[in-house]
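Visitor: structure for this input, please:
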Amino acid sequence: MRIAILLVPLMAACSTTASDFTPDGAPAGTTIEPSGYATILDAPPSPFPEIAPEDAYQNTLSPVEQFARDNGLSLEEAAAAINGPPELQAELQRLQPLLRANEAETFVDFVMVRDPGVRMEVWFTRNAEETLARYTSNPLFVPRDGGVTPENAQALADIWIERSREYPVIQLIGTSSVGGDVELGIGIEEAEFRALAAQEGWELGPDLTMTFASARPAAFSIPEAEQWVRFFPRENIAPSIRLTAISTGTITLEDGCFRVRVRNGETALALFGYDNQLGVDEQGYLTISRTGEDAIERYRIGEPGAWGGPAEVREDSADVVTLREACGDGEIWNVADPTSLRLFSLPFSDWVTNYAEANDLSRQEAWDIVIACMRREERRGRAGLEARDRCIRQFN
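Guide: Below you'll find the model as predicted:
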């Protein structure tokens, strides 16, 4: 049994240089205040992509279909190879409640193995062969000695759960009954966490498997960007997950301080994601971008935007403390990984495929028609998902 406990709700930099900006060297649309810092209250939306994106969903196969193709099997044969024959599944359903109820002191877990045939290992802390023989003689079920009971595995995890209450850098805790180990997801870099563990006297033994956050990238993708802001505040702990309830609004820069403005007129100081960077786009506008494999579209400061959340603000984090010193008191909103509302609202790639097939068009022709429609809707005062949904729907 493997248990995971979640404890907290993770672009390439462009080559534009300062000489490409407005005459005073600042990004497009910038006002330089007497303080020397920048103000950007609005910006045109990021441009629509001209080329239709590839259909990320086209020709995708289910795991069973992929296994069948890779191994020259029928779908029925592939399903049996992956999940085992029906008699294995039936026996598993019979044994599970019996062993959990009658052998709680020694029963660990079932583990399916393929070598290449499917069979089920049944793990007990001791006397596995003798114990299993009392319940089944099915050759598809093989006794194994080792591991810890789920209750003992949970006891190991509880130690770290208690520590995580004081130290939120411990974000994800999992246990493996068979392996008898604890798995930790850590929201800071390895060296920093090991220093914390040494300070607190925590033993990091071989029964502990840890994954660490990647290094936080430099705050500025071009060095010129630093002079325009008082501070670029970001999360100090990499999130284990990013919640996806969508908020919309505009992120502005006011005398060097980033602020969020939403439709009802509320404003707050802005905090950005762990791996966000500040730079400029190809047209010279100040942008927020995200590094890493999951990089998303850049966001121009001053354009209508969207971001997922809610995301936590830790008042005791180093960047929030510095933000307070630089920009004062007031509410802080963590906008995490903002993106252009226009780009966020683009139709999914499979929608474009469906539209093209329904109207006997190429995907590029379908894309051009939909984007032209979205441009018209924007001129009529509609934006974002409202504009998109007037132009295209799923399964057109």
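Visitor: low-scoring pLDDT stretches of this protein, where are they?
Guide: Along the chain, segments meeting pLDDT under 70 span 1-24, 59, 116, 292-297, 396.
Visitor: all helices of it, in order?
Guide: Using DSSP state H, the helices of the chain run over residues 63-71, 75-83, 86-102, 128-133, 150-166, 190-200, 318-327, 341-344, 349-358, 363-379, 384-391.
Visitor: out of the ones you listed, which is the most enclosed?
Guide: helix 341-344 (a mean of 22; mean count of other Cβ atoms under 10 Å). For the C-beta atoms, the positions are set from N, CA and C on the backbone; glycine is no exception.
Visitor: can you give the contact residues for it?
Guide: Outside helix 341-344, the residues that touch it by Cβ atoms under 8 Å, 6 or more residues apart in numbering are 45-46, 48-49, 246, 248, 297, 303-306, 378, 383-384.
Visitor: stretch 29-37 now?
Guide: Residues contacting stretch 29-37 (Cβ under 8 Å, 6+ apart): 21-22, 24, 26, 38-40, 42-43, 227-230, 255-257, 285-286, 302.
Visitor: chain center to that stretch: distance?
Guide: Centroid separation between stretch 29-37 and its chain, computed with Cα atoms, centre = their mean, to the nearest Å, is 35 Å.
Visitor: that stretch: which residues count as buried?
Guide: 29-30, 32, 37 (16 or more other Cβ atoms under 10 Å).
Visitor: can you turn the buried part of the contacts of stretch 29-37 into a PyMOL selection?
Guide: Restricted to buried positions by 16+ other Cβ under 10 Å, the PyMOL selection for the contacts of stretch 29-37 reads:
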select buried, resi 21+26+38+39+40+43+228+229+230+255+256+257+285+286+302
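Visitor: ok so, going back, give me the subset of the buried residues of stretch 29-37 lying in strands.
Guide: Here DSSP state E is the test, and the buried residues of stretch 29-37 give Ile32 as lying in strands.
Visitor: nearest to Gly201 among the buried residues of stretch 29-37?
Guide: Nearest to Gly201 among the buried residues of stretch 29-37, counting by Cβ to Cβ, is Tyr37 at 44.6 Å.
Visitor: what's the domain layout of the protein?
Guide: Annotated domains of the chain cover 9-59+216-344, 63-145, 150-211, 349-391 [automatic domain parsing].
Visitor: and the helices of the chain: which comes nearest Ala213?
Guide: Ala213 lies closest, by Cβ to Cβ, to one member of those: helix 190-200, at 8.7 Å.
Visitor: who are the packing partners of that closest one?
Guide: Of the remaining helices and strands, none touches helix 190-200 by 3 or more Cβ pairs under 8 Å, 6 or more residues apart in numbering; DSSP states H and E.
Visitor: dump it to CSV, keeping only the CA atoms.
Guide: Extracted C-alpha coordinates of helix 190-200, given in CSV (Å, rounded to 0.1, in the frame of the first residue of the first chain):
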residue,chain,number,x,y,z
GLU,A,190,18.3,19.9,-1.0
ALA,A,191,21.2,21.8,0.6
GLU,A,192,18.8,24.1,2.4
PHE,A,193,16.7,21.2,3.7
ARG,A,194,19.6,19.2,4.9
ALA,A,195,20.8,22.3,6.8
LEU,A,196,17.4,22.6,8.4
ALA,A,197,17.4,18.9,9.3
ALA,A,198,20.8,19.2,10.9
GLN,A,199,19.6,22.3,12.9
GLU,A,200,16.6,20.5,14.2
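Visitor: dump the contacts of helix 341-344 into a markdown table; add distance to Val280 as well.
Guide: Output for these, formatted as a markdown table (distance: Cβ to Cβ, whole Å):
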| residue | distance to Val280 |
| --- | --- |
| Pro45 | 16 |
| Ser46 | 12 |
| Phe48 | 19 |
| Pro49 | 19 |
| Ile246 | 26 |
| Thr248 | 23 |
| Glu297 | 15 |
| Glu303 | 14 |
| Pro304 | 19 |
| Gly305 | 16 |
| Ala306 | 21 |
| Glu378 | 24 |
| Ala383 | 23 |
| Gly384 | 24 |
